[in-house]
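In: Sequence first, predicted coordinates after that:
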Amino acid sequence: MPWAIWIKNKSVVLGDTMINNIRWDPLMIYGWTDKELMEAWSFIFPLTDKSMKDSCLPLTNPAWFYTPNPWWRFTLERPPLLPPGQMSSNTSKTLLESDLSEASLDLMERELVPLEICQRKFLTGESTGILIQGIHPQLKLIQTITTTASFTLGTLTKQTQLNLLEHAITLMTGTIVHRENLRQVGWKWMTSRRAFAQECESFEPHLSPKMNILVWNCREAMKPFFRSAIRDLTNLHSPGIIVVTESRISGSRAGNILRSLPYDGIHTTNPIGYAGGIWLLWRKDMVDMEVLAATEQEIHAIVKEHAPSFPGIPNAALLQGN
């Protein structure tokens, strides 16, 4: 099934060459000189009889689940999904061309990359942070401790030499933190403390975890399993805050998904082209959050935790290999 955009009251079909260009260079902003054209490029949709007439296609339409969506999966992303005709180690049958759908590709991705915590950090000193590579599916955890009453949260996004994105999520104790100071801490984690930012901290018996903060590089929030994955993560880890990186959508499509999630605090940033996009989700019964500044490349927020009501820390078995 082909893909299209709606411009000048008609559907314009996108050929394979254009889709491949997006996959190779997802940061390209098409139509940036024309607001209407740029908006059209941000709403690519499967071309069906309905979308050809209506200029769009609701996310509930089956075409989103049965049409393979190659522009959601960039060429350099890892691990790459197996091509048609090959088998994954956990797939019971060979996936033929006719078997491919967004649902089957989604299932294959979950089999290749289980949704498990790969790194854990504690906010015990002045600051802590983690790095997220935009092309890798990763789930990471930061825990505050009982002595932490408030902190400043920042996200910083930069472009790599491969024309992809890297995200730093940093926490600093206290709330009197200037935006420039927070930005400098983010760059610090991306450079001089890069090795430490990739390490996992072991649990210390004297530490009393207070709140979980999950950071999930979802690599497209429109994938079929995204909403159920958020619900599962919420039930398993009871996070007060979830930072979702690489949402890759904005506007009404993002709004439809966000309204279905079990979080009443929401702040989002837009993608850069087809990559990036950060969703900051929080539970208002657990934290008060004030977003002071936000752009496509950074967020600066003040977080004040409520009285301790921590339900428990993740089972050590979830931190496999760490």
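Out: Good, I have the coordinates. Numbering: from 1, shown residues only.
In: use CA for all of it now, contacts and neighbours both
Out: Fine.
In: Spatially nearest residue to Phe43, not counting backbone neighbours?
Out: Ile5 (6.5 Å; Cα to Cα, 6 or more residues apart in numbering).
In: and the helix or strand harbouring that neighbour, which residues are buried?
Out: Ile5 is located in strand 3-7, with elements delineated by DSSP states H and E. By 16 or more other Cα atoms under 10 Å, the buried positions in strand 3-7 come out as Trp3, Ala4, Ile5, Trp6.
In: now the last one: how far from Val287?
Out: With distances defined as Cα to Cα, to the nearest Å, the gap from Trp6 to Val287 amounts to 41 Å.
In: Spell out which strands sit alongside the strand holding Ile5 in the sheet and which way each one runs.
Out: strand 10-14 (antiparallel), strand 45-46 (antiparallel) (DSSP bridges).
In: Highest mean neighbour count across these, which stretch is it?
Out: Scoring these by mean neighbour count under mean count of other Cα atoms under 10 Å gives strand 45-46 as the most buried, with a mean of 24.
In: List the contacts of the next helix or strand after that one.
Out: Downstream of strand 45-46, the first helix or strand assigned by DSSP H and E is helix 49-54. By Cα atoms under 8 Å, 6 or more residues apart in numbering, the residues outside helix 49-54 that reach it are Lys10, Ser11, Phe45, Leu57.
In: Among the residues you listed, which one lies nearest to Cys118?
Out: Nearest to Cys118, judged by Cα to Cα, of the contacts of helix 49-54 is Phe45 at 33.6 Å.
In: Quick one: residues contacting the closest one.
Out: So Phe45 contacts Trp3, Ala4, Ile5, Ser51, Cys56, Leu57 (Cα under 8 Å, 6+ apart).
In: Before we move on, what's the pLDDT of Pro314?
Out: pLDDT for Pro314: 45.
In: Next: Ser11.
Out: 90.
In: Across the sheet, point out what pairs with it.
Out: Trp6.
In: in the stretch 51-200 of the chain, which spans are helices?
Out: For the stretch 51-200 of the chain, the helices defined by DSSP state H, counting those that start in this stretch cover 63-66, 102-112, 179-190, 194-198.
In: lowest-pLDDT helix or strand in the protein?
Out: In the chain, no helix or strand scores lower on mean pLDDT, DSSP states H and E than helix 194-198, which sits at a mean of 55.
In: right, and the helix or strand after that helix?
Out: Taking DSSP H and E as the definition, the helix or strand right after helix 194-198 is strand 209-217.
In: what's that following strand packed up against?
Out: strand 138-145, strand 241-245 (3 or more Cα pairs under 8 Å, 6 or more residues apart in numbering; DSSP states H and E).
In: How about the last one, which residues are buried there?
Out: Neighbour counts over strand 241-245 (16+ other Cα under 10 Å) mark Ile241, Ile242, Val243, Val244, Thr245 as buried.
In: Look up which residues are beta-bridged to the fourth one.
Out: Under DSSP bridges, the beta-bridge partners of Val244 are Trp216, Trp279.
In: 43 is where my numbering starts, stick with that
Out: Sounds good: first residue 43 from here, last item Val286.
In: check contacts around it.
Out: Val257, Trp258, Asn259, Cys260, Ile320, Trp321, Leu322, Leu323.
In: most neighbours, which of those residues?
Out: The most crowded member of these, judged by other Cα atoms under 10 Å, is Ile320 (28 neighbours).
In: show me the residues around that one that make contact.
Out: Val285, Val286, Thr287, Glu288, Ser289, Thr310, Thr311, Asn312, Pro313, Glu338.
In: Check what pLDDT the second one gets.
Out: In the predicted model, Val286 carries a pLDDT score of 97.
In: who touches the spatially most central residue of the chain in this structure?
Out: Central residue of the chain (Cα atoms, centre = their mean): Thr287, 2.7 Å from the mean position. Listed by Cα under 8 Å, 6+ apart, the contact set of Thr287 reads Gly176, His209, Val257, Trp258, Asn259, Cys260, Arg261, Gly318, Gly319, Ile320, Trp321.
In: Equivalent analysis for Ile211, please.
Out: Gly171, Ile172, Leu173, Leu195, Gly196, Thr197, Leu198, Gly228.
In: Would you mind measuring from the closest residue to Ala191 other than its chain neighbours to Lys326?
Out: Distances taken as Cα to Cα, 6+ apart put Glu347 closest to Ala191, at 5.7 Å, once the chain neighbours are dropped. According to Cα to Cα, Glu347 stands 10 Å off from Lys326.
In: Also Leu198?
Out: Taking Cα to Cα, one finds Leu198 at 24 Å from Lys326.
In: More neighbours: the two, which one.
Out: Set side by side, Leu198 and Lys326 show more neighbours around Leu198, with 26 against 16, by other Cα under 10 Å.
In: what bridges to that one?
Out: Bridge pairing for Leu198 - DSSP bridges - gives Ala210, Glu340.
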